[in-house]
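> Got a predicted structure plus its sequence, pasted below:
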Amino acid sequence: MEIIKGYIDHFIHKDPINGFSVLILISKGKETTCVGYCRDLELGETIEAEGEYFDNPTYGKEFKIAKYTVNAPTDKDSIERYLGSGAIKGVGQALAARIVAEFGEDTLDIIENEPEKLAQIKGISKRGAMEIGIQYEEKKDLRNAMLFLSQYSITQSLSIKIYDTYGQQMYSVMKENPYKLAEDIKGVGFITADGLARKMGIPENSPQRLRCGLLYILQQSAGEGHCYLPLEELKRRASEMMEMDDETIEHEISGLAMDRKMIIRDDNAYLASFFYAEAGSARLLHDLNMPLERLTEEDEEILLGRLKKIAASQDMEVDPIQLEAVRECVKNSIFILSGGPGTGKTTTINLIIKYFVSQGKSLMLAAPTGRAAKRMSEATGYEAMTIHRLLEVGGGQDDEDHMYFHKNEDDPLETDVIIIDEASMVDIQLFHGLLKAIIPGTRLILVGDAAQLPSVGPGQVLRDVMESGAFSTLKLQRIFRQAAGSDIVVNAHKINNGEQIKLGTDSKDFLFLDRNNVNMMQSHMIWMMKDKLPTYCGCDVFDIQVLTPMRKGSLGCIELNRVLQEQLNPPGAGKREHLTGDYLFREGDKVMQVKNNYKLEWAVYGLYGVTISSGLGVFNGDTGRIIEINDAARQVTVEFDDRRRVEYPFNTLDELEPAYATTIHKSQGSEYPAVIIPLLDVPDIMRYRNLLYTGVTRGKKCVVILGNPNIVRDMIDREGGKNRYSSLSERIRELM
């Protein structure tokens, strides 16, 4: 770490919310560009900053501030420079000069302790004098808070969050229960709070520590897809993490249950939000589930005739089970349609749509991701949107991670039929939000493939709803003649059934290349993406997707993105770049949003830059291209696949990742002309059937697997990945 001292000449950029700043510091007569979280700093202030120099590829040498202290100005020149900088609203350079001329080096002491004396200065009223004193005191409070927190090696950005959350209450929170930070502040987990608690002298056996740790374990399990943990597993994890005995753990679990922060049901422990999402979803499904039409034999004959007429007019090849699916949609308010690739799900959806349109019914179509919604629109000819957009998502006033839907029980969706595609991707909280916006009498049709990986978020909604046995469900199993000619479709079904597949290069659309060298595999990927597959599949190189089981390792998506970026989007004249964290972003890069952000603004533009539509919310898994990196505005503009454009300030780029390669999990709901799947040294925990099945079914025209054939065979032999703890099916059965 290096230390530099100087005064702030001006700010190039300063985020008003989190305080991320780019500023020019005058140190020993020289300008130094500094970056860091410095919300409490103002023009003209003298600081001592600790940090490191680094080379910014765009701006050159900069100093990254890790922490700093402010040195109060003591001589008249520095006091005047500080007051005249605009640090205190209403005091400009001329007024600052008059104040300092009157009070000299005692100026700041007068402002702090006797601000009424400022009214002696021409141009300052008594009220104005007191306002100057109040502003100075507020800035002093923030500065003292930053100084207090810096003793415990808390970063400037986290210090600002703590101060914004608690204000002057912060001191008692930090001294009495720093674990409260994990409950109240985004980005603070048990590990961070535990480290702070130890520095504050909180004993390891404190009840606050154990309670925070228990909630942290449940939050981490939600990241694994679980809605709950069995009590015995929760106690085991808590004992390993915090080295506490069972009796102590059980006592604190009881306390959390009494406070309704944890729900105990059937010897299982839930975070309250997930328990109520499951129980609420079951109740809403129960209330929606009603027979809508009773069909006589004559009615059924008329319906069958209409469907055959629609199919003939659209040149659809349909079989009896697809006609049965429409009949079930007519009769029931809730219907689930499932099936693998090539079994006619899209044709069935189209038949359902055409029938209800012919009957004058209104429809809404949606899918969990933008890419899946776009596919649905292309396949049906009707507008489809993301579920988040359908429900008009918004963020909480102060928390961008809080999901709030404007469409709900108070302002429901007004339509006769709602069709949700790729329902296997819907997690329990999104499903609960959707159900709250549907009024009884509306038909809800869920379409998906339960054999695919479950949602990224907690729960396994589609599987649980089907397994409850409470709703009309049909599974399409016949592979249609056209699809039967595709080895992608045939092999996908074999994989799903646990049958071994032929591995080789004889197929026209499903290829396996036996490779055991990482460098060779990377070279073959680049060759196929640049030279072979675009021509073979009639697509752009950026439409080809590498799907890997892993994030880390030489064949994980982090390293593959670095390699592929250099080959598919190399540096070029006029092509701007920005380095942030682990990634170098470049204009033209293919990128993916990696977290839900309900407050991020987007817009769709038409000719001449006219805004066609706009809204809030960009979601985990959305993909697009970087169309501009604006150094002056310090922002990156991304255009997503559905033409939404979003501007990302540089300090929010941790929400984006390169997407030339992505994990199979992240590819759910997407379809690509061609996919390449590297399978070499796959960790044992990731060798399971539905992971391979999901990757293979993402390819439309060609699937290429490179790697070790034994790994492919091993994945096919293993029936499933880690079981999820979810209880939606049980909650449904309790009510039905």
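It's in.

> For stretch 184-198, measure first residue to last.
End-to-end distance for stretch 184-198, by C-alpha to C-alpha, to the nearest Å: 19 Å.

> Return the set of buried residues in it.
185, 188, 190, 192-194, 196-197 (16 or more other C-beta atoms under 10 Å). Quick note: C-beta positions are derived from backbone N, CA and C, even for glycine.

> what pLDDT, on average, does it get?
Across stretch 184-198, the average pLDDT comes to 84.

> before we move on, back to that, among the buried residues of stretch 184-198, which are in helices?
190, 192-194, 196-197 (DSSP state H).

> Can you lay out those as CSV showing distance to Glu243?
Converted to CSV, these look like this (distance: C-beta to C-beta, whole Å):
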residue, distance to Glu243
Phe190, 14
Thr192, 19
Ala193, 17
Asp194, 12
Leu196, 19
Ala197, 15
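
> out of those, what pair is the most spread apart?
Longest distance between any two of these is 10.7 Å, between Phe190 and Leu196; criterion C-beta to C-beta.

> what do the two both touch?
Residues touching both Phe190 and Leu196 (C-beta atoms under 8 Å, 6 or more residues apart in numbering): there are none.

> okay, now Glu324: neighbour count?
Using other C-beta atoms under 10 Å, Glu324 has 14 other residues around it.

> Could you check how far the closest residue to Leu95 other than its chain neighbours is from Ala94?
In this structure, Leu95 finds its nearest non-sequential neighbour in Gly123, 5.9 Å apart by C-beta to C-beta, 6 or more residues apart in numbering. Separation of Gly123 from Ala94 (C-beta to C-beta, to the nearest Å): 9 Å.

> Looking only at neighbour counts, state which of the two leads.
Gly123 (14 against 9).

> Regarding that one, what is its secondary structure?
Look at Gly123: counting by DSSP: H, G, I helix; E, B strand; the rest coil, its state is coil.

> And it, how close does it get to Ile134?
Remark: distance between Gly123 and Ile134 (C-beta to C-beta) = 18 Å.

> and if you look at Arg283?
Taken as C-beta to C-beta, the span from Arg283 to Ile134 is 51 Å.

> Find me the pLDDT at Lys235, would you?
Looking at Lys235, its pLDDT is 95.

> Enumerate every residue touching it.
Contacts here follow C-beta under 8 Å, 6+ apart; on that basis Lys235 touches 246, 249-250, 253.

> again, only using 6 Å
Taking C-beta atoms under 6 Å, 6 or more residues apart in numbering, we find Lys235 in contact with 246, 249.

> In what element of secondary structure is it found?
According to DSSP states H and E, Lys235 maps onto helix 231-242.

> Repeat that for Pro412.
Using DSSP H and E, no helix or strand contains Pro412.

> burial count for it?
Pro412 has 14 nearby residues by other C-beta under 10 Å.

> Next: Gly51.
19.

> hang on, Tyr355 in a strand?
No. Applying three-state DSSP, one finds Tyr355 to be helix, outside a strand.

> and the next element down the chain from the helix or strand of the chain with the lowest mean pLDDT?
Least confident helix or strand, the chain: helix 481-484 with a mean of 68, by mean pLDDT, DSSP states H and E. Moving toward the C-terminus from helix 481-484, the next helix or strand (DSSP H and E) is helix 487-496.

> Tell me how far that next one lies from the chain's centre.
How far helix 487-496 lies from its chain's middle: 31 Å, per C-alpha atoms, centre = their mean, to the nearest Å.

> The helix or strand just after it to helix 487-496, inter-axis angle?
Heading C-terminal from helix 487-496, the first helix or strand you meet, by DSSP H and E, is strand 510-514. On the basis of axes from the mean of the first three to the mean of the last three C-alpha atoms, to 10 degrees, strand 510-514 is oriented at 70 degrees to helix 487-496.

> list the helices and strands the helix or strand harbouring Ala366 packs on?
Using DSSP H and E, Ala366 falls within strand 363-367. In terms of contacts (3 or more C-beta pairs under 6 Å, 6 or more residues apart in numbering; DSSP states H and E), strand 363-367 is packed against helix 370-380, strand 417-420.

> Identify the residues contacting the shortest one?
Pointing back at strand 417-420 there. 356, 361, 363-366, 443-446.

> Out of those residues, which is nearest to Glu383?
Proximity of those to Glu383 (C-beta to C-beta) peaks at Leu365, which lies at 6.8 Å.

> what about stretch 526-533, how long is it end to end?
Terminal-residue distance, stretch 526-533 (C-alpha to C-alpha): 10 Å.

> now do stretch 723-736
Chord length of stretch 723-736, first to last residue, is 25 Å (C-alpha to C-alpha).

> Tell me the buried residues in it?
The neighbour-count check on stretch 723-736 (16+ other C-beta under 10 Å) flags 724-732 as buried.

> Show me what secondary structure element comes after the longest helix anywhere in the chain.
If you go by DSSP H, the chain has its longest helix at helix 126-150. Beyond helix 126-150 on the C-terminal side, the first helix or strand identified by DSSP H and E is helix 156-166.

> and the next helix or strand after that following helix, C-alpha only, in PDB?
Where DSSP H and E defines the elements, the next helix or strand beyond helix 156-166 is helix 170-176. Output in PDB follows, covering the C-alpha atoms of helix 170-176 (Å, rounded to 0.1, in the frame of the first residue of the first chain):
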ATOM      1  CA  MET A 170     -24.800   2.700  13.800                       C
ATOM      2  CA  TYR A 171     -22.500   2.900  16.800                       C
ATOM      3  CA  SER A 172     -24.800   0.900  19.100                       C
ATOM      4  CA  VAL A 173     -25.500  -1.700  16.400                       C
ATOM      5  CA  MET A 174     -21.800  -2.200  15.800                       C
ATOM      6  CA  LYS A 175     -21.000  -2.500  19.400                       C
ATOM      7  CA  GLU A 176     -24.000  -4.600  20.500                       C
END
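
> can you give me the offset of helix 170-176 from its chain's centre?
The answer for helix 170-176 is 31 Å, by C-alpha atoms, centre = their mean.

> need the contact list for the residue nearest the centre of the chain.
The centre of the chain sits closest to Lys595, judged by C-alpha atoms, centre = their mean, with a distance of 1.6 Å. Lys595 makes contact with 620, 655, according to C-beta under 6 Å, 6+ apart.

> And Ala483, by the same measure?
The contact partners of Ala483, taken as C-beta under 6 Å, 6+ apart, are 342, 489.

> now with 10 Å?
Applying C-beta atoms under 10 Å, 6 or more residues apart in numbering to Ala483 gives the contacts 340-344, 489-490, 492-493.

> Looking at neighbours, which among these is most surrounded?
Ala492 (28 neighbours).

> re the thing from before, mind putting the contacts of strand 417-420 into TSV with distance to Gln314 and pLDDT?
Output for the contacts of strand 417-420, formatted as TSV (distance: C-beta to C-beta, whole Å; pLDDT from 0 to 100):
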residue	distance to Gln314	pLDDT
Phe356	14	95
Lys361	18	95
Leu363	16	97
Met364	21	98
Leu365	17	98
Ala366	22	96
Arg443	21	96
Leu444	24	98
Ile445	19	98
Leu446	23	98
